[in-house]
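Undergrad: Here is my input; please provide its structure:
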Amino acid sequence: EELYTKNIILDLAGNTIRMYNQIENQGNLKITDSSKTEETKGTGTLKTYGISGIINSESGNLTIEKATILNNISGTSNSTYVCLIQNYGEIKIVDATLNTTGKYNFAINNNNTGNLTMEGGTITSSGENSDGIWNYGTLLIKSGTITACDRAIFNRESGNLTIEGATINATGKNGIGINQSSTEPIVITDGNINSKYYGIYNNNTGKIEILGGVITANYGIYNKSTGEVKVDGTQITSNPESSDDIYGIYNYSTSIITLKDVNITLTASDNFVYGIYNNSSGDIIIDNISLIVTNNSNSYCTGIYNEAGEIVLKSGTIDVAHKDTGNNTNYHAYGIYNDSTGTVTIGENGGEVSTSLPRITATGTTNSYGIYNTKGILNFYDGIVTGTEGYAIYNLISAQEEGYEVIKEINGDGTESATLQKLAIAQIVSSIV
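TA: Here you go, the predicted structure:
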């Protein structure tokens, strides 16, 4: 039996091992460090100096538990990356530390036959143009932290990705927390995603389901291709260090985004800010939302911008505040801006009309528009819309609840609110003399 097909345990035992040739595992290999306990930080380190430190073959079962594996070798370009671990088989990472520091480097390449499970620990690729994990196979992250300069997780053509409670960090200027380029689905439950630019970038037909968790980025979710996105119970916030335009959700797709019990809170200090930007003919269905957008600069401030698709706001609140102290009249606050051929529906047709939800409010500038409708379709069935006096709802309403009319009331603070009120019914009383 060849050595690389045997069952082997490599215990670092607090020592440093320098490895100038790669390990190829075709059997059962466990790399551990017995010097690490619950009370004591382990001192054992495996330092690799090759283009691929470890190759786990299709028949290989590799466990990395409580060990530290390092690589500081740099690649030369996007086509010549250095990879710490190549996986074609089964890998389980338990409370381990994987660290690459060179340029054009990534920690793990999980190929299409690979199954990779992470339970705790950290994976860090800190060098310029470096990524955390490339996934073509099946990747399950139960817990732990993955940090990279460019793409923390790059879910490639056939990759199937499930995240349960992990922290994902992209630290570079154009970093991406999760780059979805697969036709297979992604399910993220209670994840914490932090990025300097894109939190989640969907670039293929694969469905993305985000359940709970927090996303902090310039673009919280960027949906570019035809993949469907479902977000339920998630909080999206802006990157506090950013001086670029900020978008909670940017939809450049013809597909559907569904939002339920989503909280989006964005603040801009130097540029434009949009809670939701629907840039194509895709649909965004909002069951319930809390959307707060604040701009402290001399720029536009918009809750929802709809260019050509359809927005359905069933319930929730939108609060847009422009706090530029320069009394600027060129840049306005918009609760909802419906442009071109877009369709916006507020509330639901039929049933009891609500005059409290959805609630849309825009304040702060000379002209703050609750809803600004240019040439699109605006359907108003429920809720209350508030803007600067004369601008609660700007331009035409295409449809409203039958038997109701739009009533605008001045609030006394320079704003007005629009709600639906029942039409008065004239009573005719006849008498016979």
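
Undergrad: Report pLDDT for Val1.
TA: Heads up, residue 1 is Glu, not Val. At Glu1, the model reports a pLDDT of 37.

Undergrad: Please disregard the earlier target; I meant Asn169.
TA: Per-residue pLDDT puts Asn169 at 98.

Undergrad: Run through who's touching the host helix or strand of it.
TA: For Asn169, the host element (DSSP states H and E) is strand 167-170. Contact with strand 167-170 is made by 144-153, 176-178, 191-198, as judged by Cβ atoms under 8 Å, 6 or more residues apart in numbering. To be clear about C-beta, it is placed using only N, CA and C from the backbone, and glycine gets the same treatment.

Undergrad: Quick one: distance of it to the chain centre.
TA: From the chain centre to the centre of strand 167-170 is a distance of 11 Å (Cα atoms, centre = their mean, to the nearest Å).

Undergrad: who does the helix or strand where Ala96 lies touch, helix- and strand-wise?
TA: For Ala96, the element it lies in under DSSP H and E is strand 90-100. Contacting strand 90-100 under the criterion 3 or more Cβ pairs under 8 Å, 6 or more residues apart in numbering; DSSP states H and E are the following elements: strand 61-65, strand 68-71, strand 82-87, strand 105-110, strand 115-125.

Undergrad: confidence score at Ile425?
TA: So Ile425 comes in at 62 (pLDDT).

Undergrad: All further residue positions should be reported with the first residue as 16.
TA: Sure, I'll start counting at 16 from here, so that last one is Ile440.

Undergrad: rewinding a little: immediately after the strand holding Asn184, which helix or strand?
TA: In N-to-C order, the element after strand 182-185 by DSSP H and E is strand 191-195.

Undergrad: for that following strand, which positions count as buried?
TA: Ile191, Gly192, Ile193, Asn194, Gln195 (16 or more other Cβ atoms under 10 Å).

Undergrad: which one among these gets closest to Asn278?
TA: For the buried residues of strand 191-195, the residue nearest Asn278 by Cβ to Cβ is Gly192; the value is 18.1 Å.

Undergrad: is it true that that closest one touches Tyr212?
TA: No. Contact between Gly192 and Tyr212 fails when scored by Cβ atoms under 8 Å: they sit 9.0 Å apart.

Undergrad: Give me the common contacts of the two.
TA: Ala185, Ala232.

Undergrad: Using a markdown table, please lay out the helices and strands packed on strand 105-115 together with mean pLDDT and mean neighbour count.
TA: A markdown table is the format used below for these (pLDDT from 0 to 100; neighbours: other Cβ atoms under 10 Å):
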| stretch | mean pLDDT | mean neighbour count |
| --- | --- | --- |
| strand 76-80 | 97 | 21 |
| strand 83-86 | 95 | 24 |
| strand 97-102 | 94 | 25 |
| strand 120-125 | 95 | 26 |
| strand 130-140 | 98 | 21 |
